[in-house]
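Visitor: how does the following fold in three dimensions:
(2 chains)
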Amino acid sequence: MNEFIFFVDKVLIAGAVLGSIYALSAIGVTLIFGILRFAHFAHGDMMTMGAFVAFILASLASAAGLHAGLPMGFLLLPFAMAITAGLALLIDKSFYAPLRARGAKPVTLLIASIGVTLMIQGLIRLFAGVQSRSFFETEPKTVYRIAVPFGGATRPIVITEPEVLMILATIVIVIALHLFLTRSRLGKAMRAMADNADLARVSGINTQLVVRVTWLIAGALACMGGTMLALDVSLKPDLAFNIVLPIFAAAIVGGLGQAYGAIAGGYLVGFAETLAVFNWSVLLQPLQRVLPASIQLPADLSIVPTEYKLTVAFVILIIVLLVRPTGIFKGAST
Amino acid sequence: MMRRTIVLYAGLVLLFVVVELALGAAFTTRLCVEAMAYALIALGLNVQWGYGGLFNFGVMGFLMIGGMAVTSVSAPLNIKFWNSDGPVLLLEALGAAAVGALIIIAAHRAGRIGIKGRWRTALKVVAWALAYVIYRSRIDPAATYIESHAGWMGGLGLPVLLGWAVGGLVSAAVAYVIGKICLGLRTDYLAIATIGIAEIIRALVKNMDWLTRGTLTVSPIPWPVPTPQFYQDAAGVGATTSFVYARLGYFAVAAVVVLVVLVMIEIAYRGPWGRMMRAIRDNHIAAESMGKDVKARQIEIFVFGSVLMGIGGAMLTSFAQIFDPAGYQPINHTFIVWVMVIVGGAGNNLGVLFGGMFIYTVWVLSEPLSQALFRAMSHWSLQFGWGAIPDIESRSLQMRVFVLGLVITLALRYAPKGLIPEVMRKHGPSRRGGSVMKGPTPEAGAAAPPK
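Guide: This is a model prediction of the structure:
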């Protein structure tokens, strides 16, 4: 039974946590692609930027002597999201909008977004240095240990407070996004523009407004994903730059431009990573008692060695690009 | 255009002279060698992006392959490895890989014996999984054995220049496989796929300790020309002078390689081949309708550009005399090369050569410059009673990342064609604009009638 709990900890919980991060960020990537038709490479660093905004707010709050039952970084998230959304809008105004106005190709915008990535990275490290920080320097990080009463298990299932909050918050966001896209006028306009920008424009949709709203949503979600990741691990300047490729993998696997696809893709990539590095030998140990002594199960039966964990996402990405470039949800193909 | 080129190159020479006066000859010669190597890499990207319009964001991967190749070829023999069972185990792993490849090929050909649709897909998946398991079952024990008995495979102790050539060849082979897989993709998918492949290559090189020694790093790697040590021992010159002499020798070799490459790709650019590539770049549908095999041509140009990157990567590694897989970063090895090509002028070789040397110089100089700036600011803030700026060294290093990003965005906005833009030559009877050809040549790219 302990083996099963190990599996729950290492695969189910870790996969759900990783998947939530990927899903939150891939939604932003996919929305930007749907509306503006370019791969926004700076999304990872927008996440890091959002996490730093949340960190500054949380530090200010705890310096002011505020304390609450929940992590301060989480409580102040709405404010941080608002600020990051504003910053995202500012980045668009100053770097992408002039290029769009000139009618630049999507490739040019992609290169520009790499420039933006480098600028954000440089600025963050310039002001914050390269060391890693923790949201939990002034408050304790609650860890839940859920004892399993059946099956003779002796180890509890371990999950931390930020992880629970992250999974819950992702569910809330997904539902809110679903309602926004299907019920509100603006959400419908967004979907219309993602389907066919010209048709949307001639039917009287304010495309400028849609673009602005897209950046606001993408910025807010990036901040949320980044802060959640920083709450779970620690806040580093290269926090999200390292996972920008798995995020793109998630968005492409789900079909670029498809918000629901991004959610599915995020969890798919997250679980694939944890399943691939999981040592299956642990789960098969009980079999050893049944098997004759001459058959020894190898000690390490993980599909890929742990040091190759990040490559799992790339391999999935490349396979999807080859086998079904439109993604599992039939995303944009132009 | 000619005048602008001359002025910019004269400015570059002046910049090197100023650097020489300010920071010394040893520093400047090092800068020159590295700038030359980066110029070669940028020329490779120019062939891919400027000539062919291919989006390669995996430059880092090819630099690593080049570096790995020159390390394996020119590093001294590891006697311990050759005396152990390592070679036999590796041969076995190679055999396992061959068996796996056969299984995969067989599964892909299964259509011929009537296995179709879903069954064929399932068969392919099983074949790939089986091949993976077979290979892993042989390579894992071999790797463990070699790492515990001999450390790593060691090099072959062959000449360095051969190592550069091998770097180009291995890059070509890898580029062929990548091209086969990815070149059908749209540009932005291709960008992401190539970034992903470069990351896979980095993960492999970093963790295959038996082949590359991984993060333990390999050094010293020999030079193709006498090293500073040689001048100190044989000629008895001082340390600084010996560095200058040795680096000048290395620079001469690098410059000859770059010059030969430059002349070759410029001839290719002006010839029918170059016209065909531009036709594919500007409108691949039209080119295809004219009977050009677009995908084959694109693979060709992707391989060709990657060879230059591999050689450039090998040059950098042997110059540094150390192969450190952990030292490769997308910023220093992919994005900066893109900045060189964009700022220099995609499609124009002289422009990219200038961009390569100029951007690399700016990149290197921005470190001491921003340190000086920060020191000044720190001094200033001290006087205001705000205290000194902490960790000036590490912070000013980050400043150049910001500057690089700013240069990309500004260049895209204000000089999207680069400092020395590509000259668009008009062919045909029109006498306006550019040089005039005598008449359409039979193989003149998109202008040729379909065969």
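
Visitor: can you give me the buried ones in stretch A:80-92?
Guide: A:80-81, A:83-85, A:87-89, A:91-92 (16 or more other CB atoms under 10 Å in any protein chain shown). All C-beta atoms are positioned from the backbone trio N, CA, C, and that covers glycine.

Visitor: put the alpha carbons of that stretch into PDB.
Guide: Output of stretch A:80-92 as PDB, limited to C-alpha atoms (Å, rounded to 0.1, in the frame of the first residue of the first chain):
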ATOM      1  CA  ALA A  80      -0.700  41.400  -8.600                       C
ATOM      2  CA  MET A  81      -2.700  40.000 -11.500                       C
ATOM      3  CA  ALA A  82      -4.200  43.500 -12.100                       C
ATOM      4  CA  ILE A  83      -0.700  45.100 -12.100                       C
ATOM      5  CA  THR A  84       0.800  42.400 -14.400                       C
ATOM      6  CA  ALA A  85      -2.200  42.700 -16.800                       C
ATOM      7  CA  GLY A  86      -1.400  46.400 -17.000                       C
ATOM      8  CA  LEU A  87       2.300  45.700 -17.600                       C
ATOM      9  CA  ALA A  88       1.300  43.200 -20.400                       C
ATOM     10  CA  LEU A  89      -0.800  45.900 -22.000                       C
ATOM     11  CA  LEU A  90       2.100  48.300 -21.700                       C
ATOM     12  CA  ILE A  91       4.500  45.800 -23.300                       C
ATOM     13  CA  ASP A  92       2.100  45.300 -26.200                       C
END
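
Visitor: is any residue of that stretch near chain B?
Guide: No. Applying CB under 8 Å from any CB of the partner chain, one finds stretch A:80-92 out of contact with chain B, separated by at least 10.1 Å.

Visitor: quick one: that stretch to chain centroid distance?
Guide: Here stretch A:80-92 is found 17 Å from its chain centre; the criterion is CA atoms, centre = their mean, to the nearest Å.

Visitor: contacts for it next, please.
Guide: With contacts defined as CB atoms under 8 Å, 6 or more residues apart in numbering or on different chains, stretch A:80-92 is touched by A:42, A:46, A:49-50, A:53-54, A:57, A:73, A:116, A:211-212, A:215-224, A:227.

Visitor: the buried residues of stretch A:80-92 in strands, which ones?
Guide: Counting by DSSP state E, none of the members of the buried residues of stretch A:80-92 fall within strands.

Visitor: out of those, the closest to chain B would be?
Guide: residue A:91 (10.1 Å; CB to the nearest CB).

Visitor: so of the buried residues of stretch A:80-92, which ones are in helices?
Guide: A:80-81, A:83-85, A:87-89, A:91 (DSSP state H).

Visitor: I'd like these laid out as a markdown table, including pLDDT.
Guide: Output for these, formatted as a markdown table (pLDDT from 0 to 100):
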| residue | pLDDT |
| --- | --- |
| A:80 | 94 |
| A:81 | 94 |
| A:83 | 96 |
| A:84 | 95 |
| A:85 | 96 |
| A:87 | 95 |
| A:88 | 95 |
| A:89 | 95 |
| A:91 | 94 |
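
Visitor: and the contacts of stretch A:80-92, which of them are in helices?
Guide: Per DSSP H, those map to helices at A:46, A:49-50, A:53-54, A:57, A:73, A:116, A:211-212, A:215-224, A:227.

Visitor: buried subset of those?
Guide: Among those, those buried by neighbour count (16+ other CB under 10 Å) are A:46, A:49-50, A:53-54, A:57, A:73, A:116, A:211-212, A:215-224, A:227.

Visitor: near chain B, from these?
Guide: Among those, chain B is touched by residue A:116 when using CB under 8 Å from any CB.

Visitor: which single residue in the stretch 151-300 of chain B comes nearest to chain A?
Guide: residue B:196 (3.6 Å).

Visitor: what about that residue, neighbour count?
Guide: 27 (other CB atoms under 10 Å in any protein chain shown).

Visitor: that one against residue A:252, yeah?
Guide: No. In this structure, residue B:196 is not within contact of residue A:252 by CB atoms under 8 Å, at 10.1 Å.

Visitor: identify the contacts common to these two.
Guide: In contact with both residue B:196 and residue A:252: residue A:317, using CB under 8 Å, 6+ apart.

Visitor: any stretches of the chain with poor pLDDT?
Guide: Answering for chain A, as no chain was given. A:1, A:151-153, A:293, A:295-297, A:299, A:330-334 (pLDDT under 70).

Visitor: let's do chain B instead
Guide: B:387-388, B:426-451.

Visitor: just confirm residue B:311 contacts residue B:257, I think it does.
Guide: Yes. The criterion here is CB under 8 Å, and residue B:311 meets it with residue B:257 at 6.9 Å.

Visitor: common neighbours of the two, please.
Guide: Between them, residue B:311 and residue B:257 share these contacting residues under CB under 8 Å, 6+ apart: B:40, B:164.

Visitor: quick one, which of these two is more surrounded?
Guide: The residue with more neighbours, out of residue B:311 and residue B:257, is residue B:311; 30 against 19, by other CB under 10 Å.

Visitor: residue contacts, the nearest residue to residue B:95 once chain neighbours are set aside?
Guide: Spatially, and ignoring its direct neighbours in sequence, residue B:95 is nearest to residue B:138 (7.5 Å; CB to CB, 6 or more residues apart in numbering or on different chains). Contacts of residue B:138 were listed using CB under 8 Å, 6+ apart, and they are B:89, B:92-93, B:95-97.
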